[in-house]
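Engineer: what follows is a predicted protein model with its sequence.
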Amino acid sequence: MSTLTAGRDAQALHRAAAPDYFGWLEHTRAAGGCTRPIRLTGTLTAVEPGTGRVLAEQHTDELPDGTLYKACGNRRAAQCPDCAWVYAGDAFQVVRCGLTGGKTIPATVSAHPVVFATFTAPSFGPVHHRHIPRHTCATRRRCDCRPAPCRARSTAAGTCPHGRPAACFTRHDAEDPQLGRPLCLDCYDHDHQAVWNYSSGELWRRTKQAIERHLTAVCRRRGISHVQVVADSGRIRRVPPVRVSHGKAAEMQRRGAVHFHVLLRLDGVDPHDRHALVPPPAGLTVDDLDAAVHAATRQITVTTPPHPDRPQGWPVAWGEQVDVRRIGTSDGDVTDAKVAAYLAKYATKSTEVTGYCSTRLTPDTVDAYADPEGDHLARLIDACWRLGRPTRHHTTRTARKTEARQGDLDPTPNEYAGLRRWAHMLGYGGHFLTKARRYSVTFGLLRDTRAAYRRTEHADTADSDNAAGTVTVGTLAFVGSGWLTDGDALLAHTAAAQRRERQRVGREELAHEAWSGVAA
Ligand SMILES: [Zn+2]
Ligand SMILES: [Zn+2]
Ligand SMILES: [Zn+2]
Ligand SMILES: [Zn+2]
């Protein structure tokens with residue numbers, strides 16, 4: 001036994017032998033599996049809703065360890081597996097409810113036309129890749145088919161301007177670290193990829209608008225008229241009779257470009273309640289949605305603002321392949337549970353697949369990762385940092401204009417400044433799971449449900465002041481993060497793992513029913 005684990009075990013024994021051990025375990029339960037819980041001190045006040053009457057007050061000094069433990073809530077499986085697991089469960093439910101209804105979403109959504117589309121980034125230079133032209137395996141999960149040669153060329157003698165081979169005949173296996181790495185680092189356009197990642201959110205936004213425009217045009221051609229709704233201002237507006245709600249996950253590919261997996265659902269408009277979720281007009285089908293997605297994907301290109309390194313900006317468009325599938329059709333094997341599980345999986349991932357993972361970079365830490373002459377990832381991070389540099393000391397728009405008039409400043413602000421902020425994400429600044437407001441329930445609703453469940457579950461053991469129907473407000477201060485000792489972490493994690501195991505089995509069993517990570 002190493003001295004490290006010996007110390008930890010001694011701490012654990014000491015804690016477990018203390019008279020208040022089970023009270024401590026219960027007290028830390030909500031944060032039990034968390035890697036680095038937040039520790040808070042202060043006063044907790046139970047208030048009667050409506051009257052605001054204070055029913056009870058407690059200082060955290062009276063609690064075990066004199067602190068309140070709160071789970072860190074990190075969504076990244078690489079940072080806190082347990083908090084990410086809770087988040088993935090919520091993500092599954094959010095996505096699933098948008099397809100089948102449930103938890104305030106009407107069950108009628110299951111009849112709306114839906115497609116599941118994958119939007120990819122274009123090529124920024126050839127990379128090593130693995131592809132299987134024809135699968136002969138029984139199940140993809142245990143695929144043992146032979147991949148094709150990576151980049152075979154009939155003119156095998158070809159080299160790039162840097163004298164490197166332009167072909168690769170290797171049949172890469174699935175774990176080959178070469179996958180996603182450029183054939184020639186000097187030919188590869190790292191700047192373009194960094195900017196593409198950075199602008200992909202805007203590209204998506206405009207693509208979705210274009211999809212809706214296409215569908216509106218279809219309505220017009222078929223004589224489906226606009227709907228009159230009352231806006232918040234009270235004015236009557238005519239709006240298109242159809243809209244698209246989406247749930248979307250970003251996946252980082254091995255080459256370090258993001259792509260998006262998106263559920264797109266056709267919704268209608270209720271003239272009496274513009275927030276209501278109603279079926280789309282009859283006469284619009286999944287074929288129309290499919291066609292609109294394909295048309296918009298081909299059509300939309302964003303040209304980014306000028307940059308001193310490239311005054312004409314960069315073109316940002318989707319790659320050649322857009323994959324559009326239907327859900328729940330008889331021929332397809334894509335079910336709503338599978339799609340929801342798929343999106344939930346990506347919701348807790350970040351850049352890990354590229355082999356790189358770090359927190360936000362600063363001028364002090366960037367040199368450890370960025371290198372214009374380095375490997376693929378070092379060059380991508382360098383591109384983010386270099387393109388995001390302050391081009392001039394512009395403070396306000398007026399100051400910029402004044403200085404520009406005086407002729408000593410480029411009047412364009414650096415629209416790329418955010419690339420530095422997102423350099424650790426290889427330029428991508430968006431969330432890994434997003435949804436349209438109308439698509440489904442909110443994460444907040446699921447969290448509140450869980451908190452209410454925890455309160456009622458404990459109501460019989462806790463004092464009556466803590467029962468449902470009261471609101472607890474805290475004046476709490478942050479005292480630190482992490483467990484007090486490694487022994488505490490061990491005990492709390494073990495207890496949490498046992499609880500999780502029961503839920504994990506439940507999750508798998510319920511994959512085809514309304515799956516419930518929280519008690520409904
Ligand atoms: Zn955590
Ligand atoms: Zn290769
Ligand atoms: Zn196969
Ligand atoms: Zn080259």
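Structural biologist: Looks like it arrived, so ask away. Ligands and ions are numbered 1, 2, ... in the order given.
Engineer: residue numbers of the chain in contact with ligand 3?
Structural biologist: 135, 137, 143, 145 (Cβ under 5 Å from the ion). Every residue, glycine included, has its C-beta placed from N, CA and C.
Engineer: from those residues, which are also near ligand 2?
Structural biologist: Residues of those in contact with ligand 2 (Cβ under 5 Å from the ion): none.
Engineer: closest to residue 317 among these?
Structural biologist: Nearest to residue 317 among these is residue 135, at 29.7 Å by Cβ to Cβ.
Engineer: for that closest one, the count of nearby residues, please.
Structural biologist: Neighbourhood size, residue 135 [other Cβ atoms under 10 Å]: 11.
Engineer: what does the one 10 residues further on give?
Structural biologist: The criterion is other Cβ under 10 Å. On that basis, residue 145 has 12 neighbouring residues.
Engineer: quick one: which of the residues of the chain next to ligand 3 is nearest to ligand 2?
Structural biologist: Using Cβ to the ion, residue 145 comes nearest to ligand 2 of the residues of the chain next to ligand 3, at 17.3 Å.
Engineer: next, give phi and psi for that closest one.
Structural biologist: Dihedral angles of residue 145 (phi, psi; degrees, to the nearest 10) stand at phi -70, psi 150.
Engineer: make sure it is actually in contact with residue 135.
Structural biologist: Yes. Applying Cβ atoms under 8 Å, one finds residue 145 in contact with residue 135, separated by 5.3 Å.
Engineer: quick one, helices of this protein?
Structural biologist: Secondary structure of the chain (DSSP state H): helices at 3-17, 21-27, 81-100, 190-221, 286-299, 336-347, 376-387, 397-405, 418-421, 443-458, 486-509.
Engineer: sorry, back to before: among the residues of the chain next to ligand 3, which pair sits farthest apart?
Structural biologist: 135 and 143 (6.6 Å).
Engineer: can you tell me the closest non-neighbouring residue to residue 253?
Structural biologist: In space, residue 253 comes closest to residue 259 once its chain neighbours are excluded; the distance is 6.1 Å by Cβ to Cβ, 6 or more residues apart in numbering.
Engineer: give the contact list for the one you found.
Structural biologist: Shown in contact with residue 259 (Cβ atoms under 8 Å, 6 or more residues apart in numbering): 118, 119, 120, 121, 250, 251, 253, 319.
Engineer: and those, which is closest to ligand 2?
Structural biologist: When these are compared against ligand 2 (criterion: Cβ to the ion), the nearest one is residue 253, at 15.4 Å.
Engineer: right, and that closest one touches residue 121 too?
Structural biologist: Yes. Using Cβ under 8 Å, residue 253 is in contact with residue 121, at 7.4 Å.
Engineer: neighbour count: these two, which is higher?
Structural biologist: Just comparing residue 253 and residue 121: by other Cβ under 10 Å the higher neighbour count belongs to residue 121, 22 against 16.
Engineer: residue 196 is in contact with that one, correct?
Structural biologist: Yes. Counting by Cβ under 8 Å, residue 121 touches residue 196, with 5.7 Å between them.
Engineer: overlap in contacts, these two.
Structural biologist: residue 257.
Engineer: low-confidence ranges in the chain?
Structural biologist: 1-4, 154-157, 328-334, 392-413, 451-469, 504-520 (pLDDT under 70).
Engineer: spatially central residue for it, please.
Structural biologist: residue 432 (1.6 Å; Cα atoms, centre = their mean).
Engineer: in space, what's closest to it - neighbours in sequence excluded?
Structural biologist: Residue 432 sits nearest to residue 250 (Cβ to Cβ, 6+ apart), 5.0 Å away.
Engineer: which ones are touching that neighbour?
Structural biologist: Applying Cβ under 8 Å, 6+ apart, the residues near residue 250 are 200, 258, 259, 260, 346, 428, 430, 431, 432, 433.
Engineer: neighbours of the residue lying closest to the fifth one once chain neighbours are set aside, how many?
Structural biologist: Same thing as residue 346. Closest residue to residue 346 apart from its sequence neighbours, by Cβ to Cβ, 6+ apart: residue 249 at 4.0 Å. Using other Cβ under 10 Å, residue 249 has 24 other residues around it.
Engineer: does residue 249 really touch residue 204, like I thought?
Structural biologist: No. Between residue 249 and residue 204 there is no contact under Cβ under 8 Å: 11.8 Å.
Engineer: number of residues surrounding the residue of the stretch 351-500 of the chain found nearest ligand 2?
Structural biologist: Nearest residue of the stretch 351-500 of the chain to ligand 2 (Cβ to the ion) works out as residue 376 at 13.4 Å. Counted by other Cβ under 10 Å, the residues lying close to residue 376 total 22.
Engineer: pull the contacting residues for the residue lying closest to it once chain neighbours are set aside.
Structural biologist: Spatial nearest neighbour of residue 376, excluding adjacent residues (Cβ to Cβ, 6+ apart): residue 181 at 5.3 Å. By Cβ under 8 Å, 6+ apart, residue 181 lies in contact with 127, 128, 255, 375, 376.
Engineer: go through those residues and flag which are in strands.
Structural biologist: Secondary structure from DSSP state E places none of the contacts of residue 181 in strands.
Engineer: now render those as TSV, adding distance to residue 231.
Structural biologist: TSV is the format used below for the contacts of residue 181 (distance: Cβ to Cβ, whole Å):
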residue	distance to residue 231
127	49
128	53
255	45
375	53
376	50
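Engineer: nearest to residue 496, of these?
Structural biologist: Among those, and counting by Cβ to Cβ, the member closest to residue 496 is residue 255, at 36.3 Å.
Engineer: dump the residue contacts of the nearest residue to the closest one once chain neighbours are set aside.
Structural biologist: The shortest distance from residue 255 to any non-neighbouring residue, by Cβ to Cβ, 6+ apart, is to residue 180 (4.0 Å). Contact analysis of residue 180 by Cβ under 8 Å, 6+ apart lists 127, 128, 129, 253, 254, 255, 256, 354, 376.
Engineer: for these, pick the one with the most neighbours.
Structural biologist: Neighbour max across those (other Cβ under 10 Å) = residue 256, 29 neighbours.
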